[in-house]
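Peer 1: Sequence isn't available, so here's the structure alone:
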């Protein structure tokens, strides 16, 4: 069997596996690892939305974006470590590396806002 066929079969298995969630897209090692009942989330990147369990309608793109989030909904975290420590905030938009990394609140917009340094 050709590699292309294996890739298609793997995609179908991942896409249509039986689970309690609906409409989630997970691409990357550990992306959405703990999700149990959250629906319609997009998680792209290594450990992105790793602790997410039940949030709805979120977009998480970038290594460890939304890593600590468990149940906040309708968030958009784009960039490495964007919204890293936010656990239950909702309606946030964090765009850029480390944007909103230490933010724990709701209804925020941070664009390219690096708030900590090594």
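Peer 2: That came through fine. All values derive from a computational prediction rather than experimental measurement. Numbers count the residues shown, from 1 in each chain.
Peer 1: switch to C-alpha atoms for all contacts and neighbour counts from now on
Peer 2: Noted.
Peer 1: After the least confident helix or strand in the chain by mean pLDDT, which helix or strand is next? Please name it.
Peer 2: Ranking every helix and strand in the chain by mean pLDDT, DSSP states H and E puts helix 3-15 at the bottom, with a mean of 62. Counting by DSSP states H and E, the next helix or strand C-terminal to helix 3-15 is strand 25-27.
Peer 1: now for that following strand, which elements pack on it?
Peer 2: Packing contacts for strand 25-27, counted by 3 or more CA pairs under 8 Å, 6 or more residues apart in numbering; DSSP states H and E, involve strand 42-44.
Peer 1: what is the mean pLDDT for the strand it packs on?
Peer 2: For strand 42-44, the mean pLDDT works out to 95.
Peer 1: Now for the residue nearest to residue 26 when sequence neighbours are not counted: which residues touch it?
Peer 2: Nearest residue to residue 26, sequence neighbours excluded (CA to CA, 6 or more residues apart in numbering): residue 43, at 4.8 Å. If you count contacts by CA atoms under 8 Å, 6 or more residues apart in numbering, residue 43 has them with 24-28, 31-32, 49, 59-61.
Peer 1: Most neighbours among those, which one is it?
Peer 2: Neighbour counts for those, by other CA atoms under 10 Å, peak at residue 49, which reaches 36 neighbours.
Peer 1: is it fair to say it lies in a helix?
Peer 2: No. Counting by DSSP: H, G, I helix; E, B strand; the rest coil, residue 49 is not found in a helix; it is coil.
Peer 1: separation between it and residue 56?
Peer 2: For residue 49, the distance to residue 56 (CA to CA, to the nearest Å) stands at 12 Å.
Peer 1: Output the below-cut-off pLDDT ranges for the chain.
Peer 2: Along the chain, the model assigns pLDDT under 70 to residues 1-20, 113-118.
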